[in-house]
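1. Sequence and predicted structure are below.
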Amino acid sequence: MFTALQLSQLQQLWWAIISVVGALFIFLTFVQGGQTLLVTEAQNNMERRAIANSLGRKWELTFTTLVLFGGALFAAFPLFYATSFGGAYWLWIAILFTFILQAVSYEFRGKPGNLLGTRTYDRFLFINGSVGLFLIGVAIGTFFTGADFSLNEFNAVTWQHPLRGLEAILDLFNVTLGLFLVFLARMLGAMYLVNNIDFIHPDLLGLNDRLRRSAFKSLLLALPFLLYVLASWAVMTGYAVEQAHGRIVLEEGKYLHNLLAMPANLVLLGFGFVLVLLAVIITRRTQSSRGIWLGGFGSILMALAIFFTAGFNNTAFYPSRFDLQSSLTIANASSSRYTLTVMSYVALAVPIVLAYIAYFWHRMDAKKISAEEIIRGESAREMY
């Protein structure tokens with residue numbers, strides 16, 4: 001099956017697979033978004049316990065998917081892995097540190113007698129959901145704005161900026177994309193919690209309405225950043241690959257050209273946004289709790305459009321601002337044909353894994369988090 005595919009086809013296939021993993025990660029950041037609501041929306045201990053235990057069932061999925069995203073990039077596009085993770089290591093270490101805070105917080109937050117106190121761990125979770133997610137958005141932004149590195153004839157990477165990746169924060173486009181991701185996650189987190197918590201208990205009644213309002217406010221806050229990203233795509237100079245010689249050249253309006261050259265990608269972006277908009281309106285204007293599924297699917301479609309725009313249509317997906325010809329494309333950064341072929345057969349098992357996750361997700365969420373369950377869990381010391 002895959003042995004009949006040419007190297008270029010395998011490269012495009014694996015960029016598509018990695019884009020799907022990345023898009024799933026964007027959806028799963030409802031965990032990070034929900035963690036920020038733990039600080040800004042919860043007003044009593046029962047509300048904080050309900051949010052923490054709702055998210056505590058899913059927090060490993062986000063980090064595991066991020067690791068899977070990095071692992072797939074390592075296997076399919078090892079030169080990118082070496083360049084970005086090895087060169088921009090202060091950016092990635094900062095991201096990793098926020099996820100360490102997350103893991104520690106879920107481990108010790110609900111433990112009796114913890115030294116730092118519950119509220120300290122809540123702030124750690126807020127840092128992971130805000131700063132960590134912002135930095136991930138900044139890292140994704142470098143797919144469009146580029147980074148300061150060069151490669152020699154042996155593909156050895158030399159990073160050309162002393163901040164080792166943190167300089168990406170100085171770019172307005174990267175900052176805007178990072179902030180959009182933060183508010184998108186807050187919106188998804190609010191809708192997930194509306195779907196996952198039983199608000200019947202008197203101590204939880206007010207949380208329902210606050211979360212619904214938060215989803216709406218987060219969408220309003222995300223919109224200006226999304227509009228800036230789209231406007232930037234329309235005018236910013238991109239990094240194109242000459243088909244004849246494989247050289248990297250600057251092209252004005254490259255990312256707008258990508259969208260117009262791939263109508264299906266434009267549909268993904270537009271339809272995804274409409275789904276997100278409808279999800280928030282339904283959540284705010286009705287008592288429906290199913291907005292997370294509509295909004296989650298919409299966010300996946302929008303994320304796919306972002307990744308496809310960055311890598312397809314003869315585009316350098318990791319440009320070098322220091323040395324144009326060191327820019328990475330899906331052609332010059334990929335593994336060998338043999339490696340990609342073997343990986344493609346292994347990837348056939350992915351639907352089985354996804355089905356396994358979906359099954360246990362359904363089992364875990366068959367019953368919503370309730371105050372009674374939290375109280376019983378506290379007595380048994382089994383809750384977050």
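-> All right, it came through fine. Note that the coordinates shown come from a computational prediction; the quantities given were computed from them, not determined experimentally.
2. how about the closest residue to Gly132 other than its chain neighbours, what does it touch?
-> Spatial nearest neighbour of Gly132, chain neighbours left out: Thr98 (3.2 Å); criterion: CB to CB, 6 or more residues apart in numbering. For every residue, glycine as well, the C-beta is placed using N, CA and C. Thr98 is in contact with Ile127, Asn128, Val131, Gly132, Leu135, counting by CB atoms under 8 Å, 6 or more residues apart in numbering.
3. Out of those residues, list just those in helices.
-> Mapping the contacts of Thr98 onto helices (DSSP state H) picks out Ile127, Leu135.
4. Let me know the closest of the contacts of Thr98 to Gly298.
-> Nearest to Gly298 out of the contacts of Thr98 is Gly132 (CB to CB; 22.7 Å).
5. Which pLDDT does the model give the residue nearest to Gly132?
-> On pLDDT, Thr98 comes in at 98.
6. Tell me if I am right that it is in a helix.
-> Yes. Assessed by DSSP: H, G, I helix; E, B strand; the rest coil, Thr98 belongs to a helix.
7. Against Phe85, how distant is it?
-> For Thr98, the distance to Phe85 equals 16 Å [CB to CB, to the nearest Å].
8. Next, please give the residue ranges for the strands of this protein.
-> For the chain, the strands defined by DSSP state E occupy 149-151, 157-159, 237-241, 248-252.
9. what's the second one packed up against?
-> Helices and strands touching strand 157-159, as assessed by 3 or more CB pairs under 8 Å, 6 or more residues apart in numbering; DSSP states H and E, comprise helix 86-87, strand 149-151.
10. Out of the ones you listed, which one sits most buried?
-> strand 149-151 (a mean of 21; mean count of other CB atoms under 10 Å).
11. which residues sit against that one?
-> Here strand 149-151 has contacts from Leu79, Thr83, Gly87, Val157, Thr158, Trp159, Gln160, Ser320, Phe322, Asp323, Ser326, using CB under 8 Å, 6+ apart.
12. tell me the mean pLDDT for that strand?
-> Strand 149-151 shows a mean pLDDT of 95.
13. go on, stretch 257-273?
-> Stretch 257-273 carries an average pLDDT of 96.
14. Likewise for stretch 222-240?
-> 97.
15. With stretch 332-348 instead?
-> Averaged across stretch 332-348, pLDDT comes to 94.
16. Phe297 reaches Phe273, doesn't it?
-> No. Phe297 is not in contact with Phe273 according to CB atoms under 8 Å; the separation is 11.8 Å.
17. for the protein, what's the longest helix?
-> Counting residues, the longest helix in the chain under DSSP H turns out to be helix 205-235.
18. Tell me which other helices or strands it touches.
-> helix 30-40, helix 45-56, helix 172-196, helix 254-261, helix 263-285.
19. Now do the third one against helix 30-40, angle only.
-> Going by axes from the mean of the first three to the mean of the last three CA atoms, to 10 degrees, helix 172-196 is angled at 80 degrees with respect to helix 30-40.
20. Report the buried residues of helix 172-196.
-> Residues 173-196 are the ones in helix 172-196 that count as buried (16 or more other CB atoms under 10 Å).
21. And for the second one?
-> Within helix 45-56, the residues that qualify as buried by neighbour count (16+ other CB under 10 Å) are Met46, Glu47, Arg48, Arg49, Ala50, Ile51, Ala52, Asn53, Ser54, Leu55, Gly56.
22. With pLDDT added, can I get these in a markdown table?
-> Below are the buried residues of helix 45-56 laid out as a markdown table (pLDDT from 0 to 100):
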| residue | pLDDT |
| --- | --- |
| Met46 | 93 |
| Glu47 | 94 |
| Arg48 | 94 |
| Arg49 | 92 |
| Ala50 | 94 |
| Ile51 | 96 |
| Ala52 | 94 |
| Asn53 | 92 |
| Ser54 | 94 |
| Leu55 | 95 |
| Gly56 | 91 |
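23. what's the closest of those residues to Ser218?
-> The closest of the buried residues of helix 45-56 to Ser218 turns out to be Ile51 (CB to CB; 15.1 Å).
24. Poorly predicted segments of the protein, please.
-> Counting by pLDDT under 70, the chain has low-confidence residues at 377-383.
25. one step back: distance to Leu268 added to the strands of the chain, as TSV?
-> Output for those, formatted as TSV (distance: least, CB to CB, whole Å):
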stretch	distance to Leu268
strand 149-151	30
strand 157-159	32
strand 237-241	19
strand 248-252	22
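26. who wins for proximity to Ala316 among those?
-> With respect to Ala316, and counting by CB to CB, the nearest of the strands of the chain is strand 237-241 at 3.8 Å.
27. Mind giving me the packing neighbours of that closest one?
-> Using 3+ CB pairs under 8 Å, 6+ apart, the elements in contact with strand 237-241 are strand 248-252, helix 254-261.
28. got the contact list for stretch 287-295?
-> For stretch 287-295, contacts defined as CB under 8 Å, 6+ apart pick out 30, 187-188, 191-192, 194-195, 215, 275-276, 278-280, 282-283.
29. residues in contact with Leu5?
-> By CB under 8 Å, 6+ apart, the neighbours of Leu5 are Leu13, Thr341, Ser344.
30. Contacts only, for the last one.
-> Ser344 makes contacts with Phe2, Leu5, Leu10, Leu13, Trp14, as judged by CB under 8 Å, 6+ apart.
31. 7 Å instead?
-> Contacts here follow CB atoms under 7 Å, 6 or more residues apart in numbering; on that basis Ser344 touches Phe2, Leu10, Leu13.
32. out of the residues you listed, which is most surrounded?
-> Leu10 (24 neighbours; other CB atoms under 10 Å).
33. With only the CA atoms kept, save stretch 72-83 in CSV.
-> The C-alpha coordinates for stretch 72-83 follow below in CSV (Å, rounded to 0.1, in the frame of the first residue of the first chain):
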residue,chain,number,x,y,z
ALA,A,72,6.0,12.4,15.4
LEU,A,73,8.0,15.4,14.3
PHE,A,74,11.2,13.7,15.5
ALA,A,75,10.4,10.6,13.5
ALA,A,76,9.1,12.2,10.4
PHE,A,77,11.0,15.5,10.3
PRO,A,78,14.1,14.9,12.4
LEU,A,79,15.9,18.0,11.1
PHE,A,80,13.1,20.2,12.4
TYR,A,81,13.2,18.4,15.8
ALA,A,82,17.0,19.0,16.0
THR,A,83,16.7,22.6,14.9
